[in-house]
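**Q** the following block contains a protein sequence and its predicted model.
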Amino acid sequence: MPNLIYRKQKPVYRNQKNLILVSVFCLLVTGFFGCAAKDNLSAKKTITVWHWMTDRESSFQELAKRYEAQTGIRIDFELYAPSDIYAQKVRAAAQGRTLPDIYGLLGEKRDFAAFVKSGQVADLSEVMNEENGAWKESFFSKALEVVEFRENNTYDIKPGIYGAPIDIMNIQMLYNKKLFKKAGLDPERPPSNWEEFIEDIQKLKKFGVPGLVSGWGEIWMIDCFASNYAFNIMGKDKVIATLKGDVPYTDPDWIKVFQLFKELADKDALVSGVVIMKNKVAEQTFANERAAFAFNGSWCVNVYDGMNPNLEYAPFLPPKVNRKNPMYIWGGGSSFSFLVNDRSSKKLEAIKFLKWLTDKDQQVYLSSKTKNLPSNKFALLEIPKILAQFAKATDSTTHPSSWDYNEFPAVIETFDKGIQSIIIGEKTPEQLAKEVQAVKVQEIKKAK
């Protein structure tokens, strides 16, 4: 009986042993190929890109798929919003030397210069000028101004191009054609000078149509409007001389700029509550046809399309005060430029991707999806009509980030908040001029 039991059990024992051996072998094989698969996945080159533009996220993801299909290189777009959170993340990463391969930068030209000096922005000039400058020549020259440092720049940065603009933008006046018809105004003829502008608003008011709306609760929008008229009233050279400290804000020309805001308030030309209005609310006001005019940027094409696809409107340059001087508007420069991390081990691959991303086909795709102006000038023929109308003003654009001199932040804040005070009747133009100049003198002393 014991032998019988032994014989019966022995085959079972061997089977169990074999099963164990087979199981271990399978696990080893599975583990080997699984690890190999993981190694292959990790071996695939991945370029990480940071951005904050929520309206571009789905388009970026689609383009990432296309690029991977073409090249085998994975593009990992990482979205961090809102913009203030993004800005904090980028600064923290810069301090810790943990910036990604490609990233966007929010800030003034001095901030940009600081990133370049710290070795965290690659100079793209050499690549831009390859093949007879093909990449460089594909951009609007105005688009490159924001990412370019010229000879003898005040930041002591080696002259060159340090980024790739993804789009361009400009900020203009807009008017509602339907409301123009209602008031008996020519829907194809917006006002060309300040006097006509005020007259048109008075006519519109008789038909119950409010005048101008803008997000002047965001003081940078006030700064933009004021600088447009400063350039028109006194000319660009005098504005720059003011920034340098050679012309005081108590100059009669600056008082004229401040008086424009008083006139708008005195003649009830502004939508109620404009000084505390965020731009998104201002956009809703114009899209819902509760204002005849708006002061807004080319990004509004996408915004208005979502709010009111049937809105009949068109952009036009802000009406001149001084007919002898040109009217410059903020723009030309990109609302979004990508920088390559000069410390990245995948710098060359990152640059190749940016060349692809800013090529005509990808630019047309981005423009059609996000309704922003392309930075590639060869893409213009294939963009929507309303965007083409915005693009016509590209030659009239300027932007603080492209100037060799920038104003002190404390002066800008005093200037913009002071204009809000003029609109609500708390200050006169003369009072504000003295106050801004006092802050300017104080900041100059601090800087010495």
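**A** Alright, I've got the coordinates.

**Q** excluding its backbone neighbours, what's nearest residue 115?
**A** Leaving aside its chain neighbours, residue 115 sits nearest to residue 121 (5.0 Å; criterion: C-beta to C-beta, 6 or more residues apart in numbering). C-beta here means a position set from N, CA and C on the backbone, and glycine is covered the same way.

**Q** and the one you found, that's in a helix?
**A** No - counting by DSSP: H, G, I helix; E, B strand; the rest coil, residue 121 is not part of a helix but coil.

**Q** ok, it - how many residues close by?
**A** 26 (other C-beta atoms under 10 Å).

**Q** what residue ranges in the stretch 51-200 of the chain score low on pLDDT?
**A** For the stretch 51-200 of the chain, no stretch is flagged by pLDDT under 70.

**Q** which stretches in it count as strands?
**A** Remark: strands assigned in the stretch 51-200 of the chain by DSSP state E, counting those that start in this stretch are 74-79, 102-104, 148-149, 160-161, 164-165, 167-168, 171-176.

**Q** thinking again about what came up before, what about the residue nearest to residue 115, distance to residue 106?
**A** Computed as C-beta to C-beta, to the nearest Å, the residue 121 to residue 106 distance reads 14 Å.

**Q** and residue 400, by the same measure?
**A** Counting by C-beta to C-beta, the gap from residue 400 to residue 106 is 14 Å.

**Q** same question, residue 171
**A** For residue 171, the distance to residue 106 - C-beta to C-beta - is 17 Å.

**Q** so for these two, which residue has more residues nearby?
**A** A count of neighbours by other C-beta under 10 Å puts residue 171 above the other of residue 171 and residue 106, at 25 against 15.

**Q** I'd like the distance from the host helix or strand of residue 387 to the chain centre, please.
**A** In this structure, residue 387 is located in helix 385-391 according to DSSP states H and E. Offset of helix 385-391 from its chain centre (C-alpha atoms, centre = their mean, to the nearest Å): 18 Å.

**Q** in PDB, list the C-alpha atoms belonging to it.
**A** The C-alpha coordinates for helix 385-391 follow below in PDB (Å, rounded to 0.1, in the frame of the first residue of the first chain):
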ATOM      1  CA  LYS A 385     -11.800  86.900 -43.600                       C
ATOM      2  CA  ILE A 386     -12.200  88.600 -40.200                       C
ATOM      3  CA  LEU A 387      -8.600  87.500 -39.300                       C
ATOM      4  CA  ALA A 388      -7.300  88.900 -42.600                       C
ATOM      5  CA  GLN A 389      -8.900  92.200 -41.700                       C
ATOM      6  CA  PHE A 390      -7.000  92.300 -38.400                       C
ATOM      7  CA  ALA A 391      -3.800  91.300 -40.200                       C
END
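
**Q** heading C-terminal from that helix, find the next helix or strand.
**A** That would be, after helix 385-391 and using DSSP H and E, strand 397-398.

**Q** strand partners (parallel or antiparallel) of that following strand?
**A** Note on strand 397-398: by DSSP bridges, its sheet partners are strand 329-330 (parallel).

**Q** tell me the helix or strand right after the strand it pairs with.
**A** strand 337-340.

**Q** just checking, what packs against that following strand?
**A** On a contact count with 3 or more C-beta pairs under 8 Å, 6 or more residues apart in numbering; DSSP states H and E, strand 337-340 meets strand 102-104, strand 164-165, helix 347-357.
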